[in-house]
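Trainee: The amino acid sequence is not available; the structure is as follows:
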């Protein structure tokens, strides 16, 4: 009787998802402990300075904030298992509805920034690798080091001053949804996306340029292609670039967590109604259910991005797929 075997992709996916469960649990538990270790309480932050002690006590009892930390975390975790992320402490909205309204903005910002990053960094890296130590290569080195060195808050404020205030090319704050106007949406999202993309562009150019040069100088398949009379441009783009995409995928997957973290700063500077902006507001109000929901969503996003990266490895390099099929 023929044995039914699962595909290597399914095995990799299953192992990754099983590994992600304790990771996500640890992240949410740690963030819950940190928020509860901070001075002050959510009731005082939400009711404001004018609230009396009796009002604060009644509000705490109503929202179960007077219960021990492990009891509150258990109630939250049990709700997550059943698909209930809880209710915001500062409004009657559920955490799921808050995330549903905010997540598309952050998702669009991250995707737009990544598109800008790849569209700019890949062609520039190819030109640098084709003419190393040339004018383009030296200029890209200076610009890359500058873009990597500048901090995200400084870059965001500088972009607002130059492109929004002085030149008035883009709006300084505000957001137009895709359903309202595509042109208006791109007008409000382009500058924040560029701010997110600039440090990544510098890093990706240096990484991809170095990887392409290493392959063009040391790999046997490059020597074979040259012996067959294949042009340098064809070797660089058709062969070397495809193999460099494997390393680039790794960097993209690892940078996603950093990119999501920077969106918190960028959304606050440009007043974008995304998850990052909501996270800052939730932290200031000690809105723990919203914070936990956002941390959980961010963690799932990073796990899924790494899973997709692993699966794409096999599509780009059959050797990786073959090794996994035997493991």
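Mentor: Nice, thanks for sending it over. From a predicted model like this one, the values you see are computed outputs, not experimental measurements. Residues are numbered from 1 along each chain as shown.
Trainee: after the helix or strand harbouring residue 28 comes which helix or strand?
Mentor: For residue 28, the host element (DSSP states H and E) is helix 8-37. Remark: after helix 8-37, the chain's next helix or strand is helix 42-47, criterion DSSP H and E.
Trainee: and the next helix or strand after that following helix, what other elements does it pack with?
Mentor: Sequence-wise, the next helix or strand downstream of helix 42-47 (DSSP H and E) is helix 53-62. Judged by 3 or more C-beta pairs under 8 Å, 6 or more residues apart in numbering; DSSP states H and E, the packing partners of helix 53-62 are helix 42-47. Any C-beta I mention is one placed from the backbone N, CA and C, and that applies to glycine too.
Trainee: so what does the helix it packs on touch, helix or strand wise?
Mentor: helix 53-62.
Trainee: now the angle from the next helix or strand after the helix it packs on to helix 8-37?
Mentor: Counting by DSSP H and E, the next helix or strand C-terminal to helix 53-62 is helix 69-81. Comparing the axes of helix 69-81 and helix 8-37 via axes from the mean of the first three to the mean of the last three C-alpha atoms, to 10 degrees yields an angle of 150 degrees.
Trainee: in helix 69-81, what counts as buried?
Mentor: For helix 69-81, a neighbour-count test (16 or more other C-beta atoms under 10 Å) marks 72-73, 76, 80 as buried.
Trainee: Tell me the one of these nearest residue 88?
Mentor: residue 76 (12.7 Å; C-beta to C-beta).
Trainee: Quick check: the gap between that closest one and residue 125.
Mentor: Distance check for residue 76 against residue 125: by C-beta to C-beta, to the nearest Å, it reads 45 Å.
Trainee: what does residue 89 give?
Mentor: 47 Å.
Trainee: neighbour count winner among these two?
Mentor: residue 125 (26 against 20; other C-beta atoms under 10 Å).
Trainee: got a list of what that one touches?
Mentor: 204-205, 208-209, 212 (C-beta atoms under 8 Å, 6 or more residues apart in numbering).
Trainee: about what we covered before: take the buried residues of helix 69-81 and lay them out in a markdown table including pLDDT and distance to residue 95.
Mentor: A markdown table is the format used below for the buried residues of helix 69-81 (pLDDT from 0 to 100; distance: C-beta to C-beta, whole Å):
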| residue | pLDDT | distance to residue 95 |
| --- | --- | --- |
| 72 | 83 | 14 |
| 73 | 86 | 15 |
| 76 | 84 | 10 |
| 80 | 85 | 10 |
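Trainee: Among the residues you listed, pick out the one closest to residue 24, please.
Mentor: residue 80 (9.4 Å).
Trainee: That closest one - nearest residue in space that isn't next to it in sequence?
Mentor: Spatial nearest neighbour of residue 80, excluding adjacent residues (C-beta to C-beta, 6 or more residues apart in numbering): residue 296 at 6.9 Å.
Trainee: tell me the SS of that neighbour?
Mentor: helix (DSSP: H, G, I helix; E, B strand; the rest coil).
Trainee: from memory residue 112 sits against residue 191, does it?
Mentor: No: using C-beta atoms under 8 Å, residue 112 is not in contact with residue 191; the gap is 10.7 Å.
Trainee: Please identify which of these two sits among more neighbours.
Mentor: residue 191 (22 against 19).
Trainee: what phi and what psi does the backbone show at the more buried one?
Mentor: Here is the backbone geometry of residue 191 (degrees, to the nearest 10): phi -60, psi -50.
Trainee: Isn't it up against residue 159?
Mentor: Yes: using C-beta under 8 Å, residue 191 is in contact with residue 159, at 5.8 Å.
Trainee: Since that was my last question, I'll sign off now.
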